[in-house]
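Asks: sharing a model prediction with you, sequence too.
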Amino acid sequence: MQLNLSKPICFFDLETTGINITNDRIVEISILKVHPNGKEESYTQRVNPTIPIPYVVTQVHGISDADVADKPTFKEIAKEVHNMIKDSDLGGFNSNRFDIPLLAEEMLRAEVDFDMKNTQSIDVQTIFHKMEQRTLSAAYKFYCDKSLDDAHSAEADTLATYEVLKAQLDKYEELENDSNFLAEFSSRKKFADFAGFIGYTKEGEECFAFGKHKGKLVTEVLENEPGYFGWLLNADFPLYTKKVLTAIKLRAFNNKLL
């Protein structure tokens, strides 16, 4: 089954220096852009992370410091990557919890404004786990009857993710071939930021999802305890979380002026 798209979708995968969204860096990115007419574009680039790649991580994806020593930094390719994905929805395997948040951090560090307001995200892993409870290699074997020989190669994982989603649409009648449906189906609990520090109330208002103010409205906390905002900006929170908090604060300030 081919995807029924109203706008392009970019399937992508990252290989990184580790799994810490705030501190780790990209060492390889691969993107497969699928257009509504079926046209496909691909982009794969290794990246100099500017920090050491731990040996145990190299054992997983096979990329060492020497492999990326002469590669561009992410800041050098950020605009190129952004131009490829900015008009598209995003798809990946565990992308909602890892790849998209880490990509957002890299984009913001490179001073490229990355925003998901008008972008849907389809997490193929979530669909897979809801349906079968397995891993990407198992998903590829289960749905496509193929072995993922190059697992943890960004390009191989990206292509496998795309093929798995198409096979999932063929297999499950209850899955609608629609980006909005798939994004909703593959999402977990809704958060205003990627890292899950800012959630929503039943009324759709932003609230803190951690710490001493857990469950309280962000606007009320920032108004009643102004110093908390400064602490958040200076603490070790993801850049995207700080961006969302700043936007909420500015929105509240502008509403007061109306």
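Replies: Thanks, I have it.
Asks: mind checking how far D193 is from I21?
Replies: D193 sits 11 Å away from I21, going by Cβ to Cβ, to the nearest Å. The C-beta positions use only the backbone N, C-alpha and C, and glycine is treated the same way.
Asks: give me the common contacts of the two.
Replies: Common contacts of D193 and I21, defined by Cβ atoms under 8 Å, 6 or more residues apart in numbering, comprise P238.
Asks: give me the pLDDT for the residue nearest to V244 when sequence neighbours are not counted.
Replies: Excluding the flanking residues, the one nearest V244 by Cβ to Cβ, 6 or more residues apart in numbering is D193, at 4.6 Å. Looking at D193, its pLDDT is 90.
Asks: separation between D193 and F237?
Replies: 9 Å.
Asks: how about A192, what does it touch?
Replies: Here A192 is in contact with I198, G199, Y200, E206, V244, I248 (Cβ under 8 Å, 6+ apart).
Asks: before we move on, back to that, my read is the residue nearest to V244 is in a helix, agree?
Replies: No. Assigned with DSSP: H, G, I helix; E, B strand; the rest coil, D193 falls outside any helix and is coil.
Asks: isn't E223 right up against A252?
Replies: Yes. Here E223 reaches A252: they are 7.0 Å apart, a contact under Cβ atoms under 8 Å.
Asks: what touches both of those two?
Replies: With Cβ under 8 Å, 6+ apart, E223 and A252 have no common neighbours.
Asks: tell me how many other residues crowd H152.
Replies: Applying other Cβ atoms under 10 Å, we find 17 residues neighbouring H152.
Asks: residues contacting the closest residue to it other than its chain neighbours?
Replies: Leaving aside its sequence neighbours, H152 sits nearest to H61 (Cβ to Cβ, 6+ apart; 4.4 Å). Applying Cβ under 8 Å, 6+ apart to H61 gives the contacts E15, V27, E28, H152, S153, A154.
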